[in-house]
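J.: any chance you can model this:
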Amino acid sequence: MSNPVVNPKWAGDLDCSVCRRKRLIAAEFSKAQVLKYRKSGGTCTITCKVCTAKEEEQRQSKSAQPKEDDGTLHLCSSCAKMLPASSFKRNQLMNKGPGKQRCMACVTAALKAEDEGLAKKVAEVSVGGASKGDKLREACKEVAKEAELVTGLKPMVL
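T.: Numbers count the residues shown, from 1 in each chain. Have a look, this model is predicted:
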């Protein structure tokens, strides 16, 4: 009697509903797609990873295209200039609303200033008198106190 062929990738007779490839193994599909197929008893349509990647790439390239400027001007709350919609990110226009919108140049400048401020703070802390070992020891003590408050268990010294 012959032994059956054991293939760990084999999950049945799967077909892609987009490219119409047939008899694909489960590795060609995402885990969620395979679970969806199994839960439905093989009646739903599923899409292979290749087709899903193509669809995602098309969607991203479509969203990356420059948006049409309809001529409306928006006020930047940082620089107080009236600028066209193309000078703003979509998130700023849709979610922030009038009076809170900032143009891309102002957002970039604010992020740069924030990074410089953070770098300055890090430099000040590293110049401080305590050694790294002392800082770590103090941080561990603080974490142990917080953990004791949360769990009610005292820290153990190993």
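J.: show me the contact partners of the host helix or strand of residue 61.
T.: Residue 61 is located in helix 49-64, with elements delineated by DSSP states H and E. Helix 49-64 is contacted by residues 16, 18, 19, 28, 29, 30, 47 when judged by C-beta atoms under 8 Å, 6 or more residues apart in numbering. Using the backbone N, CA and C atoms, a C-beta is placed for each residue, glycine as well.
J.: which of those tops the neighbour count?
T.: Of all the contacts of helix 49-64, the most densely surrounded is residue 29 (23 neighbours; neighbours counted as other C-beta atoms under 10 Å).
J.: correct me, but that one touches residue 44?
T.: No: counting by C-beta atoms under 8 Å, residue 29 sits too far from residue 44 to count as a contact (11.9 Å).
J.: where do the contact lists of these two overlap?
T.: Any residue near both residue 29 and residue 44 by C-beta under 8 Å, 6+ apart counts here, and that gives residue 37.
J.: buried residues in the helix holding residue 61?
T.: If you call a residue buried by 16 or more other C-beta atoms under 10 Å, then helix 49-64 has these buried ones: 51, 52.
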